[in-house]
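**Q** Got a predicted structure here, sequence first:
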Amino acid sequence: MSKLKSKTVYLCSACGDDHPKWYGQCPSCNEWGTLGEYKVAKNRKKGGNGQPRDSRKLADVLHGGEVNRIPTGISEMDRVLGGGLLPGSLILLGGNPGIGKSTLALQILPAIQKPVLYVSAEESEDQVGLRARRLGVNSKTLHLSSENRIEGILDQISLVQSELVVVDSIQTVFSDELDSLPGSVSQIRECGQQLLQLSKQRNIAVIIVGHVTKEGIIAGPKMLEHMVDTVLYLEGDDRHDHRVLRSAKNRFGTTNEVGIFQMEAGGLVEVDNPSELFLAERQDDITGSTIFPSLEGSRPILVEVQALVSNANFGTPQRNVNGFDFKRLAMLLAVLEKRLGTHMGTKDVFVNLVGGLKVDDPAADLAVITAVASGARDKLISESVVLIGEVGLGGEVRSVSRLDARISEAKSLGFKSVIAPAANVKRMKKAPKGIKIFGVSNVGEAFQHLF
Ligand code: TYD
Ligand code: MG
């Protein structure tokens, strides 16, 4: 057996940096107790294959024109990517196990008319084939491989001359040159680095699939985030069929676009009208329900906010919230108590954004505070009104971004009136037809319209 040429380094499981000796606290990221001993290949040169790369003039690059992006045939995916896959880019597709990463990765491949290599180190070619049949994926240019050595994968890529490679997943591939286990920090870093070099040298797009645990403790994908050009997360929960594809980092596009899918028997299906999906089961005769046009990227999505307020049976009242920031809710309850005279001190409050969507847009404040007030006062809110506005500590309603887009989404779904920040309404050039807009400058004014 050949002796491995390796040296010992101390890798940080939080930031992925290596250090020649052990420290209790990582000198790079200041985390304590994260350094572990690893063997890394000694003969690998830093920064490529030793060949100097030529520099180019900016003018040449600019006159080279737009790079052709490769459309994936799934418009939700393309939008999140910023218009398709860019040759030479490295994309990390992360998410909890079983959320649908492999399904999504396989579904985007048939539209690509170029040689594609799908490396599935988790499943055999036959298993992937079965899944492909179930998904109705058919492609003449798609090659499957269940290789899990990174060296073998690189050979396959040259053999197939592929222009897109999917590595599913990074936790299962390993390099011969290291003697640590697949999925360890050093293996993930080494394999990620090799794929990065390859994608830049050969100008091919590489999608790396990575599992994230619930606690987010796997250092792998987090560490890879620094390395790759684009980070996509597929989110959702077990109770719901819809999945949200979000980009957390994108060197070649915006990061606030989302793609919405529904997991069905035949795989992930794009959702063209998410508002309808989220409002489908709405009951309009219960108190504590309001509608908020949330902005997910450039797209407005209507979500229902539900609040249940009841008398607390035990000493400390409970506050429970789903899909909205807990501290923000506490602030809104204090505003409700102090500025609007609704006593919350002895009440349990439960707030839920229906459908499992998470919203961290302050424009949701008005819809949340109104839902709670409606629950506490046992008064119905008209089913045809949507509420938009950030609420300040004084109970004032502050302006929000892109009011027009939110209003037109509400209008297209048949809502009749909007309560919006007065400052926004004043700035509007022309009022949209078919929907009434009420500008309010504080929560009290909004309540006067509603109760
Ligand atoms: P998968 O893509 O294997 O998840 P990941 O790669 O993120 O671990 O998807 C697994 C789940 O998706 C599994 O619970 C079954 C479900 N699923 C469907 O509902 N329909 C389908 O067509 C497929 C392929 C999977
Ligand atoms: Mg998988």
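**A** Everything's here; your move. Ligands and ions are numbered 1, 2, ... in the order given.
**Q** quick one: A132 is in a helix?
**A** Yes. Counting by DSSP: H, G, I helix; E, B strand; the rest coil, A132 is part of a helix.
**Q** For it, which residues are in contact?
**A** By C-beta atoms under 8 Å, 6 or more residues apart in numbering, the residues touching A132 are L106, N138. Glycine gets a C-beta too; all of them are placed from N, C-alpha and C.
**Q** now with 10 Å?
**A** For A132, the contact set (C-beta atoms under 10 Å, 6 or more residues apart in numbering) comprises L106, Q107, L109, P110, Y118, N138, S139, L142, L144, G267.
**Q** and the residues you listed, which two are the farthest apart?
**A** Using C-beta to C-beta, the two most remote members of the contacts of A132 are L144 and G267, lying 16.8 Å apart.
**Q** Report the backbone C-alpha coordinates of stretch 141-148 in PDB.
**A** C-alpha atoms of stretch 141-148 as PDB (Å, rounded to 0.1, in the frame of the first residue of the first chain):
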ATOM      1  CA  THR A 141     -27.300  14.000 -23.100                       C
ATOM      2  CA  LEU A 142     -27.600  13.000 -19.500                       C
ATOM      3  CA  HIS A 143     -25.000  10.700 -18.100                       C
ATOM      4  CA  LEU A 144     -25.400   9.000 -14.700                       C
ATOM      5  CA  SER A 145     -22.600   8.000 -12.400                       C
ATOM      6  CA  SER A 146     -22.400   6.700  -8.900                       C
ATOM      7  CA  GLU A 147     -18.700   7.400  -8.500                       C
ATOM      8  CA  ASN A 148     -17.800   8.800  -5.100                       C
END
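**Q** Would you mind listing what in this protein touches ligand 1?
**A** Contact residues (C-beta under 6 Å from any ligand atom) of the chain with ligand 1: 95, 97-103, 131, 134-135, 263, 265-267.
**Q** From these, which land in helices?
**A** Counting by DSSP state H, these place K101, S102, T103, R131, R134, L135 in helices.
**Q** Let's see which of the contacts of A132 end up in helices.
**A** Of the positions in the contacts of A132, L106, Q107 sit in helices, assigned by DSSP H.
**Q** Narrow the contacts of A132 to those that are buried.
**A** For the contacts of A132, a burial check counting by 16 or more other C-beta atoms under 10 Å picks out L106, Q107, L109, P110, Y118, L142, L144, G267.
**Q** Looking at those residues, which is nearest ligand 1?
**A** Set against ligand 1, the nearest of those by C-beta to the nearest ligand atom is G267 (4.0 Å).
**Q** before we move on, back to that, check the buried ones among the contacts of A132 for the minimum pLDDT and say which it is.
**A** Within those, pLDDT reaches its minimum at P110, with 88.
**Q** Correct me if wrong: that residue contacts L164.
**A** No. Using C-beta atoms under 10 Å, P110 makes no contact with L164, being 11.6 Å away.
**Q** which neighbours do those two share?
**A** T72, V116, T141, L142.
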